[in-house]
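**Q** Sequence below, structure please.
(one chain, ligands or ions: 3)
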Amino acid sequence: MADRLLLDRTLLRRYDVTGPRYTSYPTAAQFTETFDAERYRERVAWSNDDPIPRPLSLYVHVPFCRTVCFYCACNKVITANYRRATDYLARLIDELDLQAALFADDRPVEQLHLGGGTPTYLTDEDLASLIDAIARRFPMAPPAEREFSIEVDPRTVDRERIRHLAALGFNRLSLGVQDFDADVQKAINRMQGVEATADIVEEARRQGFRSINLDLMYGLPLQTPERLSRTLDAVMTMRPDRIALYNYAHMPQMFRIQRQIPDASLPEAETKLTLLVEAMERLSREGYRYIGMDHFALPGDELAEAADNGTLHRNFQGYATRPDLDLIGLGASSIGQIGDSFSQNVRDPEGHAAAVRAGELPVWRGVELTADDRLRRDVIQAVMCRGQVDYAAIEARHTIDFVDYFRDALAELEPLVADGLLTMGRASLQVTEKGRFFLRNVAMPFDAYLAASRAERRYSRVI
Ligand SMILES: C=Cc1c2[nH]c(c1C)Cc1[nH]c(c(CCC(=O)O)c1C)Cc1[nH]c(c(C)c1CCC(=O)O)Cc1[nH]c(c(C)c1C=C)C2
Ligand SMILES: C[C@H]1O[C@@H](n2cnc3c(N)ncnc32)[C@H](O)[C@@H]1O
Ligand code: SF4
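**A** Ligands and ions are numbered 1, 2, ... in the order given. Purely as a prediction, here's the structure:
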């Protein structure tokens, strides 16, 4: 790998257009209500009939938080009333009953992810009963084959709680940090000490967690290159296996709470570029590999190895190392993927509760992939995960003539070739070192839905 990052500010400006993040294709914007609970049940039945039963991945959404962070774009409910969590947990168990009845019993749970909101809003006892409820209804893969991860708000846990999470079988952690500067923290309503965070990372290491991720953000109010640099000093003392560095998407018309962040407190476009470039250069100097999009990993981490081996995959959690698990989404707003279909639950906990109480799956919307969707998904995955598209491989899987089918897309990519972001041969296209930072710009011409959704301007910018 090049020891110097080829991040070019001119190119960053030129390619800062709006676009999806391709955690799925089609993206959630293409989900419709014609895909309902009935269709979901049908898809699960088909998936049970596959000759090789696919193992399962479970995502459980826990929407509660004690306090609100002003930047937050997640689906969450801020409450100090723990009864809401108790009630929600009971409804999750109702939903587990409905789901477990659909799946054949030769399909073990190999992956479990608790996300939010704040899963650690739940007490140790309630987290234990949630895991227990899952294990009573689904066969669990043997411990060595399990990947159990949880999003942890460091402000809600201590060393003892980390030991408890390890005892429950969790082997991966993702910690929210964002920025350690006190002024930035005040501006985002998230006070969080370096030492408490470092303690948690240390305890997680001691407990043998396989991978520890820290979430950081750039473009936050009052953030300066100096402040972000000091945050990175602190982060480097912890040396997490993975780092997610998200671009703060400020969309106050869509996320009301962001109105607490005055526009004037946000860094200007040029400063934001400096924040990104300097942070990326720093992470690179510190030995982190750039995986793609917002993700970095230390060499040794499974994500970095998958990137090297070309076995990386993209899913709703970002990048992943395993393909071909069927994903069951549980809880409000969660997304599932069964074979060639996606589905999403209703967004609000009340709607979720009403459905499962009535004995109905809380499916809100979804999509079944057409042959064209599957083809384009394959190409977009190749771009996002390997930075390379081998035409013959795609042709073999989808019986098309690549150059003929994607004539328009390839023409749209010509300017990117001219800018040195990719090379195009007769048999393949290849993203260059310089182009790695613009994966979604390379993927976008292959997206058949983009023209329409772009008109609605619903996506955040690349930088
Ligand atoms: C972990 C929580 C997050 C979820 N999404 C995001 C976070 C941090 C980030 C995010 N999601 C959206 C945007 C804006 C535009 C973009 O980059 O695509 C950002 C920064 C899209 C979005 N998320 C929700 C809504 C209503 C929208 C806009 C409409 C759309 O594009 O479909 C709410 C929402 N976010 C998350 C979930 C599970 C959820 C509820 C359905 C996760
Ligand atoms: C799950 C992670 O998503 C990130 N996150 C939360 N809200 C936003 C936003 N508006 N823009 C970008 N990233 C965000 C935080 O880093 C959090 O830890
Ligand atoms: S960032 Fe995490 S803790 Fe903060 S409001 Fe969003 S979900 Fe809750």
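
**Q** wait, does stretch 241-257 contact ligand 1?
**A** Yes - Stretch 241-257 lies within reach of ligand 1 by Cβ under 6 Å from any ligand atom, at 249, 251, 254. Using the backbone N, CA and C atoms, a C-beta is placed for each residue, glycine as well.

**Q** try stretch 176-193
**A** No - Stretch 176-193 lies out of reach of ligand 1 by Cβ under 6 Å from any ligand atom, never closer than 9.4 Å.

**Q** What segments of the stretch 1-150 of the chain are strands?
**A** 56-62, 64-65, 77-78, 109-116, 147-152 (DSSP state E, counting those that start in this stretch).

**Q** among these, which is nearest ligand 3?
**A** For the strands of the stretch 1-150 of the chain, the distance to ligand 3 is smallest for strand 64-65, at 3.3 Å, taking Cβ to the nearest ligand atom.

**Q** Give me the contact list for that closest one.
**A** Identification of contacts with strand 64-65 by Cβ atoms under 8 Å, 6 or more residues apart in numbering yields 76-79, 84-85, 88, 116-118, 121-122, 153.

**Q** Quick one: these as CSV, columns for distance to ligand 2, pLDDT and neighbour count too.
**A** Shown next, in CSV, are these (distance: Cβ to the nearest ligand atom, whole Å; pLDDT from 0 to 100; neighbours: other Cβ atoms under 10 Å):
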residue, distance to ligand 2, pLDDT, neighbour count
Lys76, 10, 97, 21
Val77, 15, 98, 20
Ile78, 14, 98, 15
Thr79, 19, 98, 14
Arg84, 21, 98, 15
Ala85, 19, 98, 21
Tyr88, 19, 98, 24
Gly116, 8, 97, 24
Gly117, 10, 97, 27
Thr118, 10, 98, 25
Tyr121, 14, 98, 23
Leu122, 17, 98, 23
Asp153, 9, 98, 21
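
**Q** Spell out which residues of this structure are next to ligand 2.
**A** Within the chain, the positions near ligand 2 by Cβ under 6 Å from any ligand atom are 71-74, 176, 178, 215, 217, 246, 248-249.

**Q** Can you tell me which of those are buried?
**A** Neighbour counting by 16 or more other Cβ atoms under 10 Å classes 71-74, 176, 178, 215, 217, 246, 248 among the residues of the chain next to ligand 2 as buried.

**Q** between the residues you listed, which is closest to Phe342?
**A** Checking these against Phe342 by Cβ to Cβ gives Cys74 as the nearest, at 19.0 Å.

**Q** per-residue pLDDT, the closest one?
**A** pLDDT recorded at Cys74 is 96.

**Q** Please point out which parts of stretch 139-151 sit buried.
**A** Neighbour-count burial for stretch 139-151, counted by 16+ other Cβ under 10 Å, picks out 140-141, 146-151.

**Q** same deal with stretch 424-432?
**A** In stretch 424-432, the ones that count as buried by 16+ other Cβ under 10 Å are 428-429, 431-432.

**Q** same deal with stretch 226-235?
**A** Those would be 227-228, 231-232, 234-235, for stretch 226-235 by 16+ other Cβ under 10 Å.

**Q** which stretches of the stretch 351-463 of the chain have low pLDDT?
**A** The model of the stretch 351-463 of the chain has pLDDT under 70 over residues 453-463.

**Q** no wait, the chain
**A** Within the chain, the set of residues satisfying pLDDT under 70 comprises 1-5, 453-463.

**Q** Quick check: of the residues of stretch 241-257 next to ligand 1, which lies closest to ligand 3?
**A** Ligand 3 lies nearest to Ala249 out of these, by Cβ to the nearest ligand atom, at 12.7 Å.

**Q** closest to ligand 1 among the residues of stretch 241-257 next to ligand 1?
**A** For the residues of stretch 241-257 next to ligand 1, the nearest to ligand 1 is Ala249 (3.4 Å; Cβ to the nearest ligand atom).

**Q** tell me, what residue is most central in this structure?
**A** The centroid of the chain falls nearest to Gln317 when counting by Cα atoms, centre = their mean (2.7 Å).
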